[in-house]
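1. Pasting a predicted model and its sequence here:
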2 protein chains.
Amino acid sequence: MDTNEFRKQGYEFIDWLAGYFENIENLPVKPSVSPGDIKRLIPGSPPLEGESMDEIFRDFREKIMPGITHWQHPGWMAYFPANNSPASVLAELLTAGLGAQCMIWQTSPAAAELEEIVMEWLRQMIGLPETFTGVIQDTASTATLCALLSAREKKTGFDSNRKGLTQKLRVYGTSETHSSIEKGVKIAGIGKENLHLVETLQDFSMNAEALRKAIEADLDAGFTPCCVVATLGSTSSMAMDHVAEIASVCIAHGIWLHVDAAFAGTAAVVPELRGFMDGVEMADSFVFNPHKWMMTNFDCSAYYVKDTAALLQTFSIHPEYLKTDADMQVRNYRDWGIQLGRRFRALKLWFVIRSYGVEGIRAMVREHVRIAKQLSQLMEADCRFEILAPVSLSLVCFRFNPGNLDEGQLDLLNRKLLERINASGEVFLTHTSLNGKYTIRVAIGSRTTTEKHVQRAWEIIRSRAAELVHLVN
Amino acid sequence: MDTNEFRKQGYEFIDWLAGYFENIENLPVKPSVSPGDIKRLIPGSPPLEGESMDEIFRDFREKIMPGITHWQHPGWMAYFPANNSPASVLAELLTAGLGAQCMIWQTSPAAAELEEIVMEWLRQMIGLPETFTGVIQDTASTATLCALLSAREKKTGFDSNRKGLTQKLRVYGTSETHSSIEKGVKIAGIGKENLHLVETLQDFSMNAEALRKAIEADLDAGFTPCCVVATLGSTSSMAMDHVAEIASVCIAHGIWLHVDAAFAGTAAVVPELRGFMDGVEMADSFVFNPHKWMMTNFDCSAYYVKDTAALLQTFSIHPEYLKTDADMQVRNYRDWGIQLGRRFRALKLWFVIRSYGVEGIRAMVREHVRIAKQLSQLMEADCRFEILAPVSLSLVCFRFNPGNLDEGQLDLLNRKLLERINASGEVFLTHTSLNGKYTIRVAIGSRTTTEKHVQRAWEIIRSRAAELVHLVN
């Protein structure tokens, strides 16, 4: 494809995307395909000779698009969102076109320095103190793994890196802690049995007193407490751990405190919502994902750490073929995480923050929190619905409970209700389990989601629930 | 930014990129900036109010571009390339626009199924047997970490995941093994001291007999040999380990054999170059990076594994909020690696393979190998230049040796030579160390690099060398 052909096709792709953004609301959020449906449409072997872009693009529209779940749909209220924005998409186009691999300063000085700047911008935006330094990771899974490994190394005097893990380390979370912590604990060689799930309070937050007791019991039993993962905005219920209380316990015992605010972190940009961050200044590391609620394309996770020396000592490698004269004066981000290779991710963050401004991001978050509150009030006013967790930020957890059903029947009823809601195609919700109860989640945070869409979601929820009651009776 | 504005800006971005591709040859490959130069141009705090895209794009061109190292430049002969292509860039535009997060089948069925298909295409293309199953990882660093962890778990009966690492495991590589193996061994809790660097032969390949002896000595000493990493195309010299011999040793002792062919793997698409793959069918896992030599944007690493059950048992997590009805019938790629979140990377691979066809990829690789050979012949014919490693595929390792200098002086001379070559702006080379000698590498593999560019590189190398001799004398 020469550059003229690239120009021609590029215009077409841009047109198609613009049309996609305009019409996305009319598409079903989740496609109605069965396993294997897409696979059957694609040949089992690659073509020997090249094909035209017209043909490839047509196949994309006809064979791939019908199997796509539309994460940017205003009816996306599933899991957590991963919202993008036109500014972010344009930046990604440049990132792809430059095709730079930003492992060290020399392999793209502007990328390395822009990363330093935008991470500093974000730090100011969410009100983290200057003692924190940021680096972009791909996902919170990776960032949390970096925290666990730094904690492991600091606690073992960097001996695990040298000699291998020998001590019995312990890590602490709760039942509400994200699954990536369990995964990270396994990867780091610490073992799932050494991830202690501290009991939670009524609001699903960590019981700091129980944490203190668990640590003391572990010390008595000869274990080495190493890291506590506090969660701000848990996946199931947006529970907020009380970081200040937890931090006191950690400081008293010299334990690394990592704060996982993957989704909720963006809300800290709004001054009046920032209360949940209390105590974060006492933590050792903090992660949140601009790729969730800050209109920046997945993947883009912001990891902040106080002890950068410990991070670097955990991950540094010095092969001859990567040495440069600038090494002492610059940040070589290859030593700030797992992967050697790195995309130019800072660019999209820069585009998004400048395009919307801090106030633009605040306005979106405020509106999402307002309409989530509105939905929860509508639900509370309808006695057939139960709110199953305190409504925190923009997540509403509920079940339909028309009365006269036992817990097993309620689980089944709500499972059916969720299926029916999603079959509408207008909205996509997912479930979790809270106190053993099947729980439907409404996670508001897609850039395009407005009051109208939440009102429509409520209509669908109520009407599908009514149908089910009719069927049951 | 509304969709009309997105359209308008999108056209401009496409035009600018087309112009960039057309003029890239006239830019210096590496920018002449000093640490801090870019940072000084960007405000230290984010804007409160949004700015126009015209303004942001202008700043990108004026402040960021002058600090960019041009990985797609035809004079890029540094490190290994990370080449892209117009087809790949267009696919990345769609990936960004859809903004899908492909952690499980339900969150984008088409992405999951297309990944299955294109990984099967690639498997056929490089001649891996059907016993291998593929998954896309971001980088070879991550893929190799997956291999090390699967090996660790299989060897310890999945007890390290459960209880934490207790055995003294051993991993084997050579001095030429990539730095990501050392990093992976540390992350996995095995410890750098347990990475045994087996001695190499004259051609920098692993001495299989020395490997056998090292394993036996470790067994006698009470260690548990766990994984061998063989390299096809080492970073320093493109050395090829003899996988068949190494595999026999591994099979005899029940040790996981991982093959790292990050750059060279693409050459296996060319039947007459495929000889280096002999024995790969006996390995347990294999990785190569389409993002290096296969015109597919970074990041896109192809990881193949035989025992998918071991991979899945190593990484599976089952939180309630991620369970779906389709789980038993589909591949949920979240369980095939480190990260939960995943970009729709299969799309660009599909676009590239279809756009160029298998023959198109073969033609590019053949030409790169031919012009590298040509360069090495020119060097061999000039007695002032020494080739420091057998020329393998498209990498030429050399030093300038005008005679009458000791090793220390030669190192210094070649360090200066490299500086002068790179100061030309027309070509970008990097260095390594081979047998303790400062070595300049010419790594050919950028999509746009042709005979003309390699001839020009040779002119620059010779003329800068002549200048230095003049200065020395």
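-> Noted; the coordinates are in hand. Source: prediction; values computed, not measured. Residues are numbered from 1 along each chain as shown, chains lettered A, B, ... in the order given.
2. Please identify the residues of the stretch 201-350 of chain A in proximity to chain B?
-> A:235-236, A:291, A:297-299, A:314-315, A:317-322, A:326, A:329-330, A:338-341, A:343, A:347, A:350 (CB under 8 Å from any CB of the partner chain). Heads up, the C-betas are built off the backbone N, CA and C, glycines and all.
3. repeat that with 7 Å
-> Residues of the stretch 201-350 of chain A found near chain B (CB under 7 Å from any CB of the partner chain) are A:235-236, A:297-299, A:315, A:317, A:319-321, A:326, A:329-330, A:338-341, A:343.
4. So which of those residues sit within helices?
-> A:Phe315 (DSSP state H).
5. among the residues of the stretch 201-350 of chain A next to chain B, which ones are buried?
-> A:235-236, A:297-299, A:315, A:317, A:319, A:321, A:326, A:330, A:338-341, A:343 (16 or more other CB atoms under 10 Å in any protein chain shown).
6. where's the dip in pLDDT among those?
-> Comparing pLDDT over those, the lowest score belongs to A:Tyr321 (85).
7. Show me where chain A has its helices.
-> Under DSSP H, chain A gives helices at A:3-23, A:53-59, A:86-98, A:109-126, A:140-155, A:159-163, A:179-187, A:208-220, A:243-253, A:290-293, A:308-315, A:346-380, A:407-423, A:451-472.
8. right, and those helices - which one's nearest A:Gly265?
-> helix A:109-126 (6.1 Å; CB to CB).
9. between that closest one and helix A:346-380, how many degrees?
-> Interaxial angle of helix A:109-126 relative to helix A:346-380 (axes from the mean of the first three to the mean of the last three CA atoms, to 10 degrees): 30 degrees.
10. Determine the angle, from 0 to 180 degrees, between helix A:109-126 and helix A:86-98.
-> Using the same axes, to 10 degrees: helix A:109-126 against helix A:86-98 is 160 degrees.
11. List of residues touching helix A:109-126?
-> A:100, A:102, A:105, A:132, A:134-136, A:265, A:268-269, A:302, A:304, A:330-331, A:333, A:344, A:346-347, A:349-350, A:353, A:358, B:31, B:33, B:38-39, B:42, B:44-46, B:64, B:67-68 (CB atoms under 7 Å, 6 or more residues apart in numbering or on different chains).
12. go on, stretch A:217-228?
-> So stretch A:217-228 is contacted by A:147-148, A:151-152, A:155, A:167-172, A:211, A:215, A:246, A:250, A:253, A:255-258 (CB under 7 Å, 6+ apart).
13. Could you export it as PDB, CA atoms only?
-> The C-alpha trace of stretch A:217-228 is given here as PDB (Å, rounded to 0.1, in the frame of the first residue of the first chain):
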ATOM      1  CA  ALA A 217      -0.800 -13.600  64.600                       C
ATOM      2  CA  ASP A 218       1.300 -14.100  61.500                       C
ATOM      3  CA  LEU A 219       4.300 -12.600  63.200                       C
ATOM      4  CA  ASP A 220       3.800 -14.900  66.200                       C
ATOM      5  CA  ALA A 221       3.600 -17.800  63.800                       C
ATOM      6  CA  GLY A 222       6.900 -17.000  62.100                       C
ATOM      7  CA  PHE A 223       5.500 -15.500  58.900                       C
ATOM      8  CA  THR A 224       6.900 -12.300  57.400                       C
ATOM      9  CA  PRO A 225       4.100  -9.800  56.600                       C
ATOM     10  CA  CYS A 226       5.100  -8.100  53.400                       C
ATOM     11  CA  CYS A 227       2.300  -6.100  51.700                       C
ATOM     12  CA  VAL A 228      -1.200  -4.900  52.300                       C
END
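14. Tell me the buried residues in it?
-> Those would be A:218, A:223, A:225-228, for stretch A:217-228 by 16+ other CB under 10 Å.
15. and A:Gly254, how many neighbours?
-> Per other CB atoms under 10 Å in any protein chain shown, the neighbour tally for A:Gly254 reads 10.
16. Make a ChimeraX selection of the buried ones in the contacts of helix A:109-126.
-> Remark: buried members of the contacts of helix A:109-126, expressed as a ChimeraX selection using 16+ other CB under 10 Å:
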select /A:100,102,105,132,134,135,136,265,268,269,302,304,330,331,333,344,346,347,349,350,353,358 /B:31,33,38,39,42,46,64,67,68
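17. The contacts of helix A:109-126 in strands, which ones?
-> A:134-136, A:302, A:304 (DSSP state E).
18. For chain B, see how far away A:Ala82 is.
-> A:Ala82 sits at a distance of 4 Å from chain B (criterion: CB to the nearest CB, to the nearest Å).
19. contacting residues for that residue?
-> Per CB under 7 Å, 6+ apart, neighbours of A:Ala82: A:71, A:291-292, A:298, B:99, B:101.
20. which residues does whatever residue of chain A ends up closest to chain B contact?
-> Residue of chain A nearest chain B, by CB to the nearest CB: A:Gly189 (2.5 Å). Contacts for A:Gly189 (CB under 7 Å, 6+ apart) come out as A:165, B:160, B:164-165, B:188-189.
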